[in-house]
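Asker: coords please:
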Amino acid sequence: MALSEWNILLFRWMNDLGKHYEHLNPAMIFIAERLVFFLVIGMIVLWFSRDKLNRMMVVCGVMAFAFAELLGKAAGMIHSHHQPFAELPDVNRLIEKAVDNSFPSDHTILFFSFAITFWLFRRKSGVIWLSVAFLVGFSRIWVGVHYPVDVLAGAMISVVSALIVYYAIPKVSWVNGLVMSYEKGESPSR
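Answerer: Predicted coordinates:
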């Protein structure tokens, strides 16, 4: 069986779960569309925690996401396909989305870039972020807007991006200088 056939078969199995477990559809729609707001709130809380490691973690997460998005756009230029609801019959489409290139999944790139970065900095709480990232990727298939290969590619791109950023950025003196400058400006003068 070709990879594209496996991709469609796995998509059908995951997407059809929404037909069999309709009571979970509202939760999957919420996860697929709205969990991004909790990521933003989490980043704000981490930033204002007055912990230098948390701030570096947020800076690296933002940079990992930006780098992963660039890699994702390049991958999308090499390989392209529309969302499953635009290509396949009888898709359980639960959210509205314009038809465009769905490879790789931007939502997956966003969540995995931060989740992997947070996990690299803080293993215990990072596991929670990774669980959320997996749930978001799964929900994007459940609601009918991405194939499994879109989600897998987004996750892989994010892992590579987060690893590169994690090992490079904290060693860059101007990045540390910016974080320290912010912290000095935040502290009341004595």
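
Asker: Output the below-cut-off pLDDT ranges for this protein.
Answerer: Under the criterion pLDDT under 70, the flagged ranges of the chain are 1, 3, 187-190.

Asker: Tell me which stretches of it form strands.
Answerer: Along the chain, counting by DSSP state E, no stretch forms strands.

Asker: What is the neighbour count of residue 54?
Answerer: 19 (other Cβ atoms under 10 Å). To be clear about C-beta, it is placed using only N, CA and C from the backbone, and glycine gets the same treatment.

Asker: Next one: the nearest residue to it once chain neighbours are set aside from residue 6, what distance?
Answerer: In space, and not counting its chain neighbours, residue 54 is closest to residue 46: 4.3 Å by Cβ to Cβ, 6 or more residues apart in numbering. With distances taken as Cβ to Cβ, to the nearest Å, residue 46 is found 38 Å from residue 6.

Asker: More neighbours: which of the two?
Answerer: Using other Cβ under 10 Å, the more surrounded residue of residue 46 and residue 6 is residue 46, with 20 against 12.

Asker: what about the residue nearest to the spatial centre of the chain, distance to residue 61?
Answerer: Per Cα atoms, centre = their mean, the C-alpha nearest to the average position across the chain is that of residue 111, at 2.2 Å. Applying Cβ to Cβ, the value for residue 111 to residue 61 is 10 Å.

Asker: Could you do residue 129 as well?
Answerer: For residue 129 relative to residue 61 (Cβ to Cβ), the value is 9 Å.

Asker: what's the answer for residue 167, then?
Answerer: According to Cβ to Cβ, residue 167 stands 14 Å off from residue 61.
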